[in-house]
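> Got a predicted model here, sequence first, then my questions.
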Amino acid sequence: MERNEEELPVDTSTSPRTRQSYNSSRSVNMLLGLSSTKSPNFGFGPRSHFSSQSNLDNSQPSYSASPSRIRNQTIALSNADRRKDSPPGELSSAGQSNLSLLLRKTPSPPQTISEETTTADEAQNSIPQINFTTGVSDDSQNNVEPSDPRNESRPLLNSSTTYAYNYGNLIPPDDFMSIEDRSFVEKVYDWLPCTSTNDPRERRRPNFIFTPENILQQVILNPISYIPAVILGLLLNLLDAISYGMITFPLNNPTFQSFGPDGISMFFVSCIVSQVVYSGGGSIFGGGNGSMMIEVVPFLHIMAAIITQTCKDDNQGDDYIIATTMLSFALSSVLTGLAFLLMGALKLGSLIEFFPRHILVGCIGGVGWFLFATAIEVSASLEGNLGFSLGTLKTLFLEGHNLALWGSALGLAIILRIIQSKVHHSLVVPIYFMVVPLLFYFIIYIFNFSWEHLRQERWVFGLPEKDAPWNEYLTRFDFTKINFVALIQTVPAMLALTFFGILHVPINVPALGVSLNEDNVDTDRELVAHGLSNILSGLCGSVQNYLVYTNSVLFIKSGGDSRVAGLMLAAGTAIILFVGPWIVGYIPVMVVGALIFHLGLDLLKEALIDTWGIVNRMEYFTIVAIVIAMASLGFIEGIFLGIIMACIFFVVSNSRKSAIRATFSGSSVSSTVRRRYRQQKFLKFVGSQIYAIKLQGYLFFGTINGVEKEIRRILTYSEWRRNPIRFLILDLNLVNGLDFSAAEAFFRIQRLLQVKHVYLVFCGATYNSEVGKALRAIGMWRDEPSNNFLLFYENFNEALEQCENLLLQAYYERASRQLITNQDAIQPIQNGVPESALDISSPRNNNIMKVGMDVLKAKPSTKKNIRPTSILMNAFEDMTDKKEDYLENFFTQLAPYFHETPVPTGVILWFQGDAPDCLYLVERGILRATWRATEDDPSRPVESILPGTLAGEIGFFTGRKRDATLVADSDCILWKMRNEDFASLLEKDPNTANAFMRLALNFSAERLISMTYYAFHLSQ
């Protein structure tokens, strides 16, 4: 029979996405011996409320069956086992639904029932006629309760059943039965009106009002209060300049032996530039301190070493080495700034968080070793880099003077660490390095040591050139003496420095925000500020700078929590810079060495000791390997080694984690469709033929092997004899991608399953997703079905529902029963299954027929064409072992208390949170229950209720508020029992009332168990 379009009206309120899915859907291949030439098929309507949010063009292939087709097939199957004498029940133009008294836990005695309450027969005869054109009841004299403005979104069922559309946040009359204007998402109401911003009282007030009091406070008193913090900040900058800036150039290189003052000047310039940018509005931290970080020094030394070697190979003098080195330092700052600026402008700050932290920790440990070696080189005034040759060891340990030089510095660092273990305060280090130089100067004064003698003995740094200005380093630039070959060779070191530098911002900035209770930290904004400060620093011929966590916390918590304080710190640093570099000639070498030793030991401790027991063994092994590689091979080599090891360990560790999140059988979990009890029972017995695997994560060559191994296990001879399967569902909802190896493995799995006539069912992947593209790339997901044993569905529930439908259809086809009684669900079958699937003697098919004959075989009835007695019999007779005559008499007594209620598509029967006033028995159509966690959340479909089942019985008998919103998903014929009907039944025949209540709740208990299993498995 051809399908009449007028018999299945398309809901015009359906979203365009749903209509796209309907237009582009393909009919599913039927299984288990269903012939395409002589077997009727199910019709698939346009309704789709389980669709995903993906947009599929009509030209693109859809799933094996659209959600609407699956739903209408489910409706058709729900009618397949109705009694032969049950009337189809045509949809009438009149309906009835009254709002009665709220259900009490104990039925009220007769005298407490309202006078308006009528008997079942009287109520059935008092149904008002409905005018569908005007939406107004003809019975306009009915009294209704006044609407409650607090319940705007609750159109209630009342004594006059009137249909009206949902009009946003307008208050509907209480006698309206609302019809969804959009059938998938219930209306979300706007509770608060927009607030005008034109009110003068709401305009932003200026931050500063020019009054004498404010001028005194902001211009004089506040800057004075910042002075202690500024002094502390200057002390920290000076200590960092002595330690970091002093070794900006490799002082063990004869070419740069006198470049200590230049490094200090460059350090101060970088500090001033960064401080002005951050405190001038670039950073959210107005008092944040910016300066050069010690981690960049190893890269600068590598660049200087590369240039020195290249220029010597080209027989070029120190002028070329110095000019090229200065330019390379400045270019590296500009390159770092550009990287920061682009990442911030493109909002890519979060990408850095994906870099493995243990690789960064290993690099920090490598920097610690570099600083330890640099401290020995600076303290002992070694020529060249620290090596492990016999001559170097003799120089360090057998020459007493050298041993005293670096040993005294190391001793001071060890004493500081002992003090820190006893006294835990952030000012211990600054105070310690203020006291040590004072003691050194006191000893010089007491014993009257000569400064020249101390410089000759290398206890104090040498004086810079006479009258050298602070900007002496700028005179080192000479663009006529640039070795561009050497400059190009430093590019890898520049890139490594840039890469290493950008890792600090996403670590330091959020940590600084937590320490300072700043909740409005924007990493991208901070990246832009870092970009500007580094570009300006490079243009000034200086080195990289960053927002320093420790200095910033000390400065701000000491009272410098203002942009004015930050700018004052920049001005104070400029004053120190302008004084000149002559101060270097009076700095003790042991103090600088102790500072560098302290920093190196601290970083080594952070990398090798603090991580013990915190990171796993593989990560700790990677950290140690990086430190050793940086100490023996080089800094850049150590970074690349760490990245390679991280990739290897990532593959190994992820291969150990199974890609299978959960496995379950169709007998333990069912779809969210409330079917007839006998169909539920049938599916519980034959559901073991459905096997589902829930996959997770990224599927690649390291994890797909476990999936393939599990599938091969269920196909082994012993496992197959115990439980042969017909469907294998692979849920890809939690899979975020798969590589080519995993996609090919699915292809092998599909061929393996096809041999045993097992259907491979994919769900949870959209056509244009990464997973969908990978499946299309190997030809598994095509415009037309390439294989009858390969199916695709939008989500797990649809896949499970369709597998259940096909098992039910297989039995009904083989039992040669009338498949459906409704004429609106017939459609020819396309793409028949292979002849080999017609083997009716297979264990799987035999199991279906055996269980179906025992469970689904209909029983003859003597009560013909009596509604709703026959409907009640179909719904409940399988749930009790009572004899047929007893059940017919029982349901005959119960029937007068049910009232026929035709309901059009889209009608909202009740809202979530409403008080219960009735229950429904579904004769025809389908109801949809939707749920939302909060009022602002979108509604989510949780259950589909088919003919032969009850709706609302739990709230009806227990008095609980409605747990979900109930919507008519198609034109329905319902049978309604109201509160007053049950109260009347309880008064007249309490035994029948209690028996019905127990029967209905038993039906609910069966369904709740299935829903619990479904929710439990999905949560795994």
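Noted; the coordinates are in hand. On a predicted model such as this, the values are computed, not experimentally measured, just so you know. Residues are numbered from 1 along each chain as shown.
> ok, so what distance separates Pro437 from Leu412?
Plainly put, Pro437 is 11 Å away from Leu412 if you go by C-beta to C-beta, to the nearest Å. From N, CA and C alone the C-beta is placed, and that goes for glycine too.
> who has more neighbours, these two?
A direct count of neighbours by other C-beta atoms under 10 Å for Pro437 and Leu412 places Leu412 higher, at 20 against 15.
> quick one on the thing from earlier: what touches both of Pro437 and Leu412?
Val591 (C-beta atoms under 8 Å, 6 or more residues apart in numbering).
> Determine the number of other residues adjacent to the residue nearest to Trp612 when sequence neighbours are not counted.
Spatial nearest neighbour of Trp612, excluding adjacent residues (C-beta to C-beta, 6 or more residues apart in numbering): Tyr620 at 6.8 Å. If you count neighbours by other C-beta under 10 Å, Tyr620 ends up with 19.
> Which of the helices or strands spans Tyr620?
Under the criterion of DSSP states H and E, Tyr620 resides in helix 617-632.
> Moving C-terminal from the helix or strand containing Phe876, which element do we reach first?
Secondary structure from DSSP H and E places Phe876 in helix 869-876. Past helix 869-876, further along toward the C-terminus, the next helix or strand under DSSP H and E is helix 884-894.
> Where do the strands of the stretch 451-600 of the chain begin and end?
Shown for the stretch 451-600 of the chain, the strands assigned by DSSP state E, counting those that start in this stretch span residues 546-547.
> Would you agree Ile725 is in contact with Tyr691?
Yes - assessed by C-beta atoms under 8 Å, Ile725 is found in contact with Tyr691 at 4.6 Å.
> returning to that earlier point: output the helix holding Phe876 as CSV, restricted to C-alpha atoms.
These are the backbone C-alpha positions of helix 869-876, laid out as CSV (Å, rounded to 0.1, in the frame of the first residue of the first chain):
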residue,chain,number,x,y,z
THR,A,869,-11.2,-3.0,28.2
SER,A,870,-9.4,-4.5,25.3
ILE,A,871,-6.6,-1.9,25.5
LEU,A,872,-6.2,-2.5,29.2
MET,A,873,-6.0,-6.3,28.5
ASN,A,874,-3.3,-5.7,25.9
ALA,A,875,-1.3,-3.6,28.3
PHE,A,876,-1.5,-5.6,31.5
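> tell me the angle it makes with helix 884-894.
Relative orientation of helix 869-876 versus helix 884-894 (axes from the mean of the first three to the mean of the last three C-alpha atoms, to 10 degrees): 120 degrees.
> which neighbours do Ile725 and Tyr691 share?
In contact with both Ile725 and Tyr691: Ile714, using C-beta under 8 Å, 6+ apart.
> I'd guess Phe762 is in a helix, am I close?
No - under DSSP: H, G, I helix; E, B strand; the rest coil, Phe762 sits outside any helix and is assigned strand.
> That one - how many residues pack around it?
24.
> The residue lying closest to it once chain neighbours are set aside sits in which helix or strand?
Using C-beta to C-beta, 6+ apart and skipping the chain neighbours, the partner closest in space to Phe762 is Phe792 (5.0 Å). Using DSSP H and E, Phe792 maps to strand 790-793.
> Next secondary structure after that strand?
Counting by DSSP H and E, what follows strand 790-793 is helix 796-814.
> for that next one, packing partners?
Packing partners of helix 796-814 (3 or more C-beta pairs under 8 Å, 6 or more residues apart in numbering; DSSP states H and E): helix 67-78, helix 677-686, strand 690-699, strand 727-738, strand 759-763, strand 790-793, helix 843-855.
> and the helix or strand hosting Gly362 with helix 617-632, angle?
Secondary structure assignment for Gly362, by DSSP H and E: helix 357-380. Per the same axes, to 10 degrees, the angle that helix 357-380 makes with helix 617-632 is 30 degrees.
> Could you list every helix and strand that helix 357-380 packs against?
Helix 357-380 packs on helix 297-313, helix 390-397, helix 400-422, helix 589-604, helix 617-632, helix 635-656, going by 3+ C-beta pairs under 8 Å, 6+ apart.
> Can I get the last one as PDB, trimmed to CA atoms?
This means helix 635-656. Below are the C-alpha coordinates for helix 635-656, written out as PDB (Å, rounded to 0.1, in the frame of the first residue of the first chain):
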ATOM      1  CA  PHE A 635      71.100  22.900  25.900                       C
ATOM      2  CA  ILE A 636      69.200  22.700  22.600                       C
ATOM      3  CA  GLU A 637      70.000  19.000  22.300                       C
ATOM      4  CA  GLY A 638      68.500  18.400  25.700                       C
ATOM      5  CA  ILE A 639      65.300  20.100  24.800                       C
ATOM      6  CA  PHE A 640      64.900  18.100  21.600                       C
ATOM      7  CA  LEU A 641      65.700  14.900  23.500                       C
ATOM      8  CA  GLY A 642      63.000  15.800  26.000                       C
ATOM      9  CA  ILE A 643      60.400  16.400  23.300                       C
ATOM     10  CA  ILE A 644      61.200  13.100  21.600                       C
ATOM     11  CA  MET A 645      61.000  11.200  24.900                       C
ATOM     12  CA  ALA A 646      57.700  12.900  25.700                       C
ATOM     13  CA  CYS A 647      56.300  11.700  22.400                       C
ATOM     14  CA  ILE A 648      57.500   8.100  23.000                       C
ATOM     15  CA  PHE A 649      56.200   8.000  26.500                       C
ATOM     16  CA  PHE A 650      52.900   9.500  25.400                       C
ATOM     17  CA  VAL A 651      52.300   6.700  23.000                       C
ATOM     18  CA  VAL A 652      53.400   4.100  25.500                       C
ATOM     19  CA  SER A 653      51.300   5.500  28.300                       C
ATOM     20  CA  ASN A 654      48.200   6.000  26.200                       C
ATOM     21  CA  SER A 655      48.600   2.500  24.700                       C
ATOM     22  CA  ARG A 656      48.300   1.200  28.200                       C
END
